[in-house]
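Chemist: take a look and give me a structure for this.
(chains A, B and C)
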Amino acid sequence: MIPFSNRFHGHSSLNYVYKNGQAVRNRSVTIKYVANKHRDKSRIAVVISKKTLKSAVRRNLIRRRIYEYVRLKIPDLKAVYDIAIIVTSSDFINLSHTEMSQQIDQLFFSARIIPKNKSIKTTPKES
RNA sequence: GCAGCUUAUUAGAUGAUCGCCCCAUGCUUAUUAAGAAAGUGUGGAGAGGAAAGUCCGGGCAGCAUAGAGCAAGACAGUCGCUAACAGCGACCGGGGGCAACCCUAGGGAAAGUGCCACAGAAACAAAACUACCCUUCAUAGCUUUGUGCGAAAGGAGGGAAAAGGUGAAACGAGUGGGGUAAAAGCCCACAGCAUGUUAUGGUGACAUGGCGUGAAGGUAAACCCUGUCCGCUGCAAGGAGAUCUGCAUUAAGAGUAGCUCGCUCGCAGGUCGAUAUCCGCUUGAUAUGGUAGGCAACUACUAGACUAGAUAGAUGAUCAUCCACGACAGAACCCGGCUUAUCGAUAAACUGCCAAC
RNA sequence: GGAGGAGUACCCAAGUGGCUGAAGGGGAUGGUUUGCUAAAUCAUUAGUCUGGGGAGACCUGGAGCGGGAGUUCGAAUCUCCCCUCCUCCG
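Modeler: Numbers count the residues shown, from 1 in each chain, chains lettered A, B, ... in the order given. All right, here's what the predicted structure looks like:
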């Protein structure tokens, strides 16, 4: 999980991201993001609908894996962002760790939240 | 050894690195003290047998310290257990299995009402219809020619409820004998059923036997009757600000239930501040061990223990090794059950068959 | 987390124990009408799964009212347990 200060608190702050954020998406994940100049720390949420995956255990598992990977990316962000990662396909549960990290890296780069070459350098360091 | 049956336990393990929530405690922001917040260090602890479905029951909270009557609803063998229950235990009756054992919404149909389609003579009150039997009328005919006898079909009167291609079910006591014009528990013997009473055993449901009486279709997960229980809403319950104006003080109105009573309460609006935070929130019908009681469910006493409390919601990620290659699945106020989902592994008791001693 | 409701043919739906071969409407298919279409009008329609027969057109048996049990002679309907979908709450 990510620290308490990097989470969203309350419903309305997430609604702001949904309404005003920019979106990048691929087949199974959508990322909405918006820059926030009032805060010192970025906030990140992972959203999985009960309709996409019925089992609570599997939803938790996806959420934890994404949170864990994104937690390591927080220091690399260019600025302070509010980010919502919305999972829209139940196939996401079957991805291996490398497949998952590739998809998220790709989306983060195309959103221009993190610089490309740094993201390539950091991943071997972490592992 | 094979096949089966019941119960209980368990629910991947170990290590490395990086992280999360809560609690305790130290330091810093910050040199009087106290409190709050943020950061940071150390230590402790961190999902289930079903956490699920929300199907029952209870605690707790608000409405009266939850009160009365009706309505509505739930339950249904007996005795016990329990805070309570539609639960559990033991037993009784019924059904299944060679057996261990399993299943069982199991009060009342002689209080009343309804329903029993189609088919069938008839669907529950008894009768009618067909067939059966007797008497009689009348006729063909026979004839000893006498107001003699008299078949079948037919008309009339009567008998009995034994027979009736249907149907889930047919008047609801079977078999054999007697009996009769023909029949029938009409009578007899044997066997069975219901009910009353009585004896024995059992707390009881009930079981076994004696005596008397009797002939009653099914359906109550149809209405209903009998007995027992039951107020409603649910932690999104509920609690925690400041201030001003108007109306009212009996009455009116409002509040919790479908209605009646009863009970309680002043009501309406504006402004500021919020749409959040804190409390409720985990020590409890608590689990574990021991002793005693009980066939058991369970209860009493005792010892030490504290074992999630989040709020976009904490147990994870990555890697390595091992094996049986890991099923179903994530607490949200808390308990007791039920039901449903579930890869396997282990242990114990018991039953049947086969073999050996 | 808690409370309530619904599920019948491709779609909308009626049906509260028995002749349901599942009413009715839309849709689909084929006629009539028109120079052609639309509209109107008439007729047909278990159309899903499965067993058997047939070269095929088609004929025929069974199941089937979200799924599974039970009560009953008989269940879309009554009872119980699941599944799916929808709505509400400070």
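
Chemist: element containing the residue nearest the centre of chain A?
Modeler: Central residue of chain A (Cα atoms, centre = their mean): A:Ile85, 4.2 Å from the mean position. When secondary structure is defined using DSSP states H and E, the element that contains A:Ile85 is strand A:81-87.

Chemist: and what of A:Val57?
Modeler: With DSSP H and E as criterion, A:Val57 is part of helix A:56-71.

Chemist: near RNA strand B, which residues of chain A?
Modeler: Neighbours of RNA strand B within chain A, by Cβ under 7 Å from any atom of the strand: A:1-5, A:7-12, A:14, A:45, A:47, A:55-57, A:60-61, A:63-65, A:68-69, A:71-72, A:96-97, A:127. C-betas here are computed from N, CA, C, even on glycine.

Chemist: show me what counts as buried in the helix holding A:Val57.
Modeler: A:Arg59, A:Ile62, A:Arg63, A:Arg65, A:Ile66, A:Tyr67, A:Tyr69, A:Val70 (16 or more other Cβ atoms under 10 Å).
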